Every structure is written in structure tokens, then in C-alpha cells.
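**Q** Quick one, structure for this:
(3 chains)
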Amino acid sequence: MKIGYPCINWSIGCTANTTFRLANYTDQLLLEKSINNIGCLKKILKYNLDHDIFLFRIGSDFIPFASHEICNVEWDLMLKEAFIDIGNFIKEHNMRISMHPDQFVLLNSEKKDVLENSIKELVYHAKLLDVMDLDETAKIQIHVGGVYDDKEKSIERFVKNYKKLPERVKARLIIENDDKSYSLKDCLEIHKKTKVPIIFDAFHHECLNNEEPLAEAVKLASKTWKKKDGILIMDYSSQKMGERKGAHATNIDEQLFKKFLEETKGLDFDLMLEIKDKEKSALKAISIAKSMKRL
DNA sequence: AGTTGTCAAGCTAGT
DNA sequence: ACTAGCTTGACAACT
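**A** Residues are numbered from 1 along each chain as shown, chains lettered A, B, ... in the order given. Down below sits the predicted model:
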């Protein structure tokens, strides 16, 4: 099991998510920020290596405005050496990378331009992982999307649009059960029609489910992953006390996490901790997992 | 130097 | 028909 955290490391004093305003766009600025982000990512990965953290999510702003029509610069070619260097580091240490395009990426949108922009954004994500020469275990996770007052039709639209995606996107795309609209069961229905692997979000499953116990749900999701996809990735969080249902906790609840590890005993997966204090909780989780002989 | 409003993109629930 | 909230850091303009 690899344990990791998304996008930000608060300990090392740099971020791999620096960006700028669209109004200020220049190719020069894009390259400058990207180089900064690549440099910081390397620092984060080194930190991770030193702390037994082998899973990390790269933020979507890594190459700012990469999928926007204003961007004509060939960042993948111009920064190729740096990408290869990062990729080598990742491969050399057997790390795993994921990405998570945000709420605007909707493969089941009823609007043509939303779909087009979504595909462009997915192509950018795939290109980034490709240029680092990572294998197909490096994944891009999205939600199914909106319901648009008709879930069955919206699922059909997802399936239809999924089938038209470029192969290099399909090779990495995975879908996530969400906390409001599309449950694990819905995702499994989509999987049947597309073969897209399902990233299982344990916290979302608590918010929205069809009575499947945790271990059973994990097994169902695991079966959607082929050998070339690697083992199941799971997102983990817990409820932030006093906030709306679905709000992510600020730090990991050690008791709940122990319970989680017990309930998933014998199951194989990589674990992404979607918890606000990031690497701090990852370190705690790793220490707990070691004490329970899971690492 | 510190504070505050704003940022490419959408959907949903509530008024 | 319209707006706030999601979730949330980081930029950029303004004290």
C-alpha cells in the first residue's frame, strides 16, 4: 500500500501550484511558472521519499492555462528535459502519481462547448503524465458530472462521450463515486458500459451508498482495475465536525483511521488522504499503518 | 507588510 | 429567474 496526499506540502515552503491571471498571460510567464512548479514538485517528491510517502497528486494548475486557447506554447517540448528528470525520479523510487481535474470537467454536459473544454483539459492532463513517461498506473480522476434532471440519460451521455475520447486519455481516466449524485453503484453501471476503472472514495461512500459495507465496496471497485491500471486507488477522508455533510476534516482522526484499516484488512489498494493538513496527516497515517503491519 | 477581493471553466439547491 | 455554496489557494490591488 502506498499512502499519499494531494497537491500541496505545507512543510517545505514552496508550492507546485503557482499561477497567474489570464489577463496577464504571456508565453514567458507560463514557462516561468511551470519551471517553478516543476522545481517545487521535485522538492515535494524528495520530501515524500524521505518520509515513505509514495503517492502524490499533482495539481491541475501545474502548467497554468495549458488547455486554454490562449496557450500556443509547446510547453511539453520546451520543458521536456525537466519532465523526463521528474519522471525518472518517480519511476526510480516506484512512486505513483494521480491528478484530479476540477469541477468544470464534465463529460456528460449537455453543452457542446463545456464538453469540448473538458476534453481539452483531459488531453492536457494526459499529455503531462505522458511527457514524464509514466506508465498507465498514473491516473486522472474525475466525477461523473451533473444529473441534469435525468440520471439515466446523463449516464448514457457520459458513456457516449467517453467512447469518443482519445486513447491516451482513456488509458488514464478513472471515475470517482461522489457524495451527492453518483454512487458506487452508478459508477459500476458506467464501468459495465465503458470498462473505465472506479476510484473508490470511502468518505463519499459514507455520504451516498446503496448499503454496501466498506470491504464489499472496496472489492467491487477493485475489480474494475486491470493489471495495466495498477491496484485500486482509494480516496480517504472523514467528516469535519460541525460542518455540512461531506466537508473534509482538518486533520486525520486516528481512531477512525485505525477502524478503517481493520475493516479493510487483507485488501490491496493505494490510499490518497484528502485531508486539509496534507502531509502532516499522511505521516500520522503511515505511522499507524506501520504499527498495524499494513506497510 | 498585511488585508481583502477576485480568479477560465459548472452544477445544484434554495429563494 | 437568480444567487449562494461548493472548496479553496494564490494572485493582485489596495491599505
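
**Q** how much space between the residue of the stretch 51-200 of chain A found nearest DNA strand B and residue A:60?
**A** Here the stretch 51-200 of chain A gets closest to DNA strand B at one residue, residue A:146, 2.7 Å apart by Cβ to the nearest atom of the strand. All C-beta spots, glycine's among them, are computed from the backbone N, C-alpha and C. Counting by Cβ to Cβ, to the nearest Å, the gap from residue A:146 to residue A:60 is 19 Å.

**Q** which one of the two has more residues nearby?
**A** Between residue A:146 and residue A:60, counted using other Cβ atoms under 10 Å, the more crowded position is residue A:60 (23 against 17).

**Q** Let me know the secondary structure of that one.
**A** Secondary structure for residue A:60, judged by DSSP: H, G, I helix; E, B strand; the rest coil, is coil.

**Q** Does residue A:31 touch residue A:79 like I think?
**A** Yes. Counting by Cβ atoms under 8 Å, residue A:31 touches residue A:79, with 7.2 Å between them.

**Q** Compare the two (neighbour count), which wins?
**A** The residue with more neighbours, out of residue A:31 and residue A:79, is residue A:79; 19 against 16, by other Cβ under 10 Å.

**Q** ok, now which ones touch that one?
**A** A:31, A:34, A:35, A:38 (Cβ atoms under 8 Å, 6 or more residues apart in numbering).

**Q** Turn the buried ones among those residues into a named PyMOL selection, would you?
**A** In PyMOL, a selection of the buried entries from the contacts of residue A:79 looks like this (16 or more other Cβ atoms under 10 Å):
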select buried, chain A and resi 31+34+38
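
**Q** So which of the contacts of residue A:79 sit within helices?
**A** Judged by DSSP state H, the contacts of residue A:79 include A:31, A:34, A:35, A:38 as members of helices.

**Q** Check those against DNA strand C and report the nearest one.
**A** Nearest to DNA strand C among the ones in helices among the contacts of residue A:79 is residue A:34, at 11.7 Å by Cβ to the nearest atom of the strand.

**Q** where do the strands sit along chain A?
**A** In chain A, the segments counted as strands under DSSP state E are A:3-6, A:55-58, A:96-99, A:139-143, A:173-176, A:198-201, A:233-236, A:270-273.

**Q** is the fifth one up against DNA strand C anywhere?
**A** The reference is to strand A:173-176. No. Shown here: strand A:173-176 not in contact with DNA strand C (Cβ under 7 Å from any atom of the strand), separated by at least 12.7 Å.

**Q** before we move on, what about the last one?
**A** No. Contact check for strand A:270-273 against DNA strand C, using Cβ under 7 Å from any atom of the strand: none in range, with a minimum separation of 11.5 Å.

**Q** ok so, going back, in a markdown table: the strands of chain A, plus mean pLDDT and distance to residue A:160.
**A** Output for the strands of chain A, formatted as a markdown table (pLDDT from 0 to 100; distance: least, Cβ to Cβ, whole Å):
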| stretch | mean pLDDT | distance to residue A:160 |
| --- | --- | --- |
| strand A:3-6 | 96 | 30 |
| strand A:55-58 | 96 | 28 |
| strand A:96-99 | 97 | 24 |
| strand A:139-143 | 96 | 16 |
| strand A:173-176 | 96 | 15 |
| strand A:198-201 | 95 | 19 |
| strand A:233-236 | 95 | 26 |
| strand A:270-273 | 96 | 29 |
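
**Q** Understood, closing this out.
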